[in-house]
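Predicted model and sequence follow; I will ask about them next.
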Protein chains: 2
Amino acid sequence: MERLKQKIMQEGNVLSDSVLKVDAFLNHQIDPVLMQEIGEEFAGRFAGAGVTKILTLESSGIAPSVMAGLSMGVPVVFARKKKSLTLMDDLYSAEVYSYTKRESNEISISKEYIGPEDTVLIIDDFLANGQAALGLMKLVERAGAKSAGIGIVIEKGFQEGGGELRKSGVRVESLAIIESLKQGNILFSKEEATV
Amino acid sequence: MERLKQKIMQEGNVLSDSVLKVDAFLNHQIDPVLMQEIGEEFAGRFAGAGVTKILTLESSGIAPSVMAGLSMGVPVVFARKKKSLTLMDDLYSAEVYSYTKRESNEISISKEYIGPEDTVLIIDDFLANGQAALGLMKLVERAGAKSAGIGIVIEKGFQEGGGELRKSGVRVESLAIIESLKQGNILFSKEEATV
């Protein structure tokens, strides 16, 4: 997705060979117009997949997911990272280890909002080692729902998550795939450029 | 806002005299079309207020804020509830006590995204005792920015937050004000009904 890649080039901040900070438009400050375009792009890519629900993870997945939900005409469910007082029983849960935050979180959704009748599109802001995506897939599986695949805003192509998911047969659509962040340079994967 | 009140009546769940669960369309599952209408309503109410940024709090404030940001043509910044590894220095911070979760959180924003040149609209999902709103106002103040007021999706009119904020001169626009949840009945404030 050309506009997204331009934005990453203009406003992304390479902190190390593996860390890209996009706090300017996705992870802290949010550009609503770009989010709308991202939502429309996901809607286009997963048109005809029979999606009935979008599942994401708080907090950075919410903005692109809500815009995709608006485009596709389906509700969004965001998994929570810890139990709150008003969301305690009748949960599907899974463990997710975050390398960025160096902690394990239990993510969970209420059994009320995803069930065997659903076809679920998982959307997340980043895909790196794939831990969050795998956790969200476990929730879909535990709900007995069908999976339509995974939509990712930015994939770190130099980490193993995307490759492993695709090898296992999961449909992964990433709007920008970064091949390398070496020496402060953002290099996009050619594969994505031809999508 | 009539559509919101209908949705609260149809899908809200009164858990006690003080707790209303709206996980069906706002706090866990999100209705993107309703969020768009909410965003447009905020845009209409704060038109002409010179808003340059929307500030909200993760996670449930993000969806209505991004839709308001889209309608108003301004970026959204969401305050984080604890420091992450990629967001550590150059922060404005404030303490917020959550009665629902029974814990104190430090909320913070990067100094990069709100400054003295900004006029900030604060948006949040709920207003009860006003702790989150006060914390967000402190962040605006610490950034040296002007405040355009506070937009709230659902206000619990029987708790003190809204009244105290208005008494102190803050403009508070709530799209639905609940007067009482007694005996499982949702009663809206007449004041809001005439807005």
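Okay, I see it. Numbers count the residues shown, from 1 in each chain, chains lettered A, B, ... in the order given.

The top strand by length along chain A packs against which elements?
For chain A, the strand with the greatest residue count under DSSP state E is strand A:146-156. In terms of contacts (3 or more CB pairs under 8 Å, 6 or more residues apart in numbering or on different chains; DSSP states H and E), strand A:146-156 is packed against helix A:2-11, helix A:32-45, helix A:62-72, strand A:119-127, helix A:131-142, helix A:161-167, strand A:172-180. For the C-beta atoms, the positions are set from N, CA and C on the backbone; glycine is no exception.

what inclination does that strand have with respect to helix A:62-72?
Angle of strand A:146-156 versus helix A:62-72, following axes from the mean of the first three to the mean of the last three CA atoms, to 10 degrees, is 130 degrees.

and strand A:146-156, which strands flank it?
Here strand A:146-156 has these sheet partners by DSSP bridges: strand A:119-127 (parallel), strand A:172-180 (parallel).

Past the last one, which element shows up next along the chain?
So the one you mean is strand A:172-180. Next in sequence after strand A:172-180, counting helices and strands by DSSP states H and E, comes strand A:187-188.

still on that earlier bit, mean neighbour count, the strands paired with strand A:146-156: which tops it?
Counting by mean count of other CB atoms under 10 Å in any protein chain shown, strand A:119-127 has the highest mean neighbour count of the strands paired with strand A:146-156, with a mean of 25.

from the chain's centre, how far out does that strand sit?
Relative to its parent chain, strand A:119-127 has a centroid offset of 4 Å by CA atoms, centre = their mean, to the nearest Å.

Only C-alpha atoms, please: export it in CSV.
Extracted in CSV, the C-alpha atoms of strand A:119-127 (Å, rounded to 0.1, in the frame of the first residue of the first chain):
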residue,chain,number,x,y,z
THR,A,119,-15.9,-16.1,10.1
VAL,A,120,-13.2,-14.0,11.7
LEU,A,121,-10.7,-11.6,10.2
ILE,A,122,-7.8,-10.9,12.6
ILE,A,123,-6.3,-7.4,12.2
ASP,A,124,-3.2,-6.1,14.0
ASP,A,125,-0.9,-3.2,13.7
PHE,A,126,2.4,-5.1,13.6
LEU,A,127,3.5,-8.6,12.8
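
which residues touch residue A:140?
By CB atoms under 8 Å, 6 or more residues apart in numbering or on different chains, residue A:140 lies in contact with A:55, A:114, A:120, A:122, A:146, A:147.

whoops, I mixed them up, residue A:95
Contacts of residue A:95 (CB under 8 Å, 6+ apart): A:104, A:105, A:106, A:107, A:135.

I'd like the next helix or strand past the helix or strand that contains it.
Taking DSSP H and E as the definition, residue A:95 sits inside strand A:91-98. Note on strand A:91-98: by DSSP H and E, the next helix or strand toward the C-terminus is strand A:103-110.

other SSEs contacting that next one?
strand A:76-79, strand A:91-98, helix A:131-142.

Would you point to the one among the ones you listed that's packed deepest?
Neighbour counts (mean count of other CB under 10 Å) averaged over each of these peak at strand A:76-79, with a mean of 26.

helices or strands next to that strand in the packing?
strand A:53-57, helix A:62-72, strand A:103-110, helix A:131-142, strand B:29-30.

ok, the closest residue to residue A:104 other than its chain neighbours - contacts?
Nearest residue to residue A:104, sequence neighbours excluded (CB to CB, 6 or more residues apart in numbering or on different chains): residue A:97, at 4.9 Å. Going by CB under 8 Å, 6+ apart, residue A:97 touches A:103, A:104, A:105, A:131.

Work out the gap between the strand holding residue A:95 and the centre of the chain.
Taking CA atoms, centre = their mean, the mean C-alpha location of strand A:91-98 is offset from the chain mean by 15 Å.

model confidence over it, on average?
If you average the pLDDT over strand A:91-98, you get 90.

partner residues bridging the residue most central in space within chain A?
Note on chain A: the residue nearest the mean C-alpha position is residue A:124, at 1.2 Å, using CA atoms, centre = their mean. In this entry, residue A:124 is beta-bridged to residue A:152, by DSSP bridges.

do residue A:95 as well
With DSSP bridges applied, residue A:95 shows beta-bridge pairing to residue A:106.

show me what contacts residue A:112?
Listed by CB under 8 Å, 6+ apart, the contact set of residue A:112 reads A:90, B:23, B:24, B:29.
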